[in-house]
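Peer 1: output the structure for:
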Amino acid sequence: MERMIESQSMTLDKQKMQPKKIFSVLQVLLIASSFAYVGTTYAEESASATSNQPGMVGSAMDSTLDWFGFNHTKVEGLHTLYVGVGDTNSLLHVNVEAPTRFGHVYAKVGQFADGKNIAGQVGFRMPYLYTNEKDNDGVYFGAYAGHIMNSGIGGEHKNRLGGALEMSYLFMNQASLTAISVSVGAAQRDKDGNPDQQKVTPTVMFGLSWGFGVF
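Peer 2: Numbering: from 1, shown residues only. So this is what the prediction gives:
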């Protein structure tokens, strides 16, 4: 009888903790999105405000990119949006990617090969080294967050939220965009998992995606 009461109590505790965990993840994503939006908006406004003033060149974002050694994305002649398919760490997905002057932003939606539920990721990448003056081929660095892996936990497969740093090589022109990437990231801890899943464990992931310009 005591074991039944204890088991029911643990189940109720897990049910109470789950909404808090989800709410916490949503808060982090919302805050990160807000900072990204405000930063990009400020950079664009600052660039337009200072471009015509003598002695002032670029914006805060320009200075940041120059300090880190990144290049501005060459958007001339490119489509506004590229749509395609890909595979990122067994996440089979449909993806959309938009090149902007301060880098690329992208979103992926699909399902893990060994999973059941819908999974998604959002991320960005910035050009570090162009290898082709005519096109936008080159090395890009970036990061992404979302469902980065699917793991067997407690007898069932679960999509696990996390984040990763990414290095990719893009073959890109006006017609198409192909990205080959390697990333290092980690998923959130799960107390019901094995010892590695109960702590933040870095994982190496590979990705390949292709898209064509539509807009």
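
Peer 1: residues touching residue 98, list them.
Peer 2: Residues near residue 98 by C-beta atoms under 8 Å, 6 or more residues apart in numbering: 80-82, 104-106. Yep, even glycine has a C-beta here, placed from its N, CA and C like the rest.

Peer 1: buried only: go through those residues for me.
Peer 2: 82, 104-106 (16 or more other C-beta atoms under 10 Å).

Peer 1: between those residues, which is closest to residue 95?
Peer 2: Among those, residue 106 lies closest to residue 95 (C-beta to C-beta), at 6.0 Å.

Peer 1: please parse this protein into its domains.
Peer 2: 1-68, 70-215 (automatic domain parsing).

Peer 1: looking at the ones you listed, which has the lowest confidence?
Peer 2: Lowest mean pLDDT of the domains of the chain: domain 1-68, a mean of 49.

Peer 1: strands along the chain, start to end?
Peer 2: Assigned by DSSP state E, the strands in the chain fall at 82-88, 91-100, 103-112, 119-130, 138-153, 156-172, 176-187, 203-213.

Peer 1: buried sites along the fourth one?
Peer 2: Applying a neighbour-count criterion of 16+ other C-beta under 10 Å, the buried positions in strand 119-130 are 119-128, 130.

Peer 1: how about the residues you listed, which pair is most distant?
Peer 2: 119 and 130 (32.0 Å).

Peer 1: adding distance to residue 167, write the contacts of residue 98 out as CSV.
Peer 2: Output for the contacts of residue 98, formatted as CSV (distance: C-beta to C-beta, whole Å):
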residue, distance to residue 167
80, 25
81, 23
82, 19
104, 14
105, 17
106, 15
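
Peer 1: for these, which one is nearest residue 71?
Peer 2: Nearest member of these to residue 71, counting by C-beta to C-beta, is residue 104, at 12.2 Å.

Peer 1: now the closest one. Nearest residue, chain neighbours left out?
Peer 2: residue 125 (5.0 Å; C-beta to C-beta, 6 or more residues apart in numbering).

Peer 1: wait, the one you found sits on residue 142?
Peer 2: Yes. At 3.1 Å, residue 125 and residue 142 qualify as touching, with contact defined as C-beta atoms under 8 Å.

Peer 1: and for these two, which residues touch both?
Peer 2: 103-104, 166, 168.
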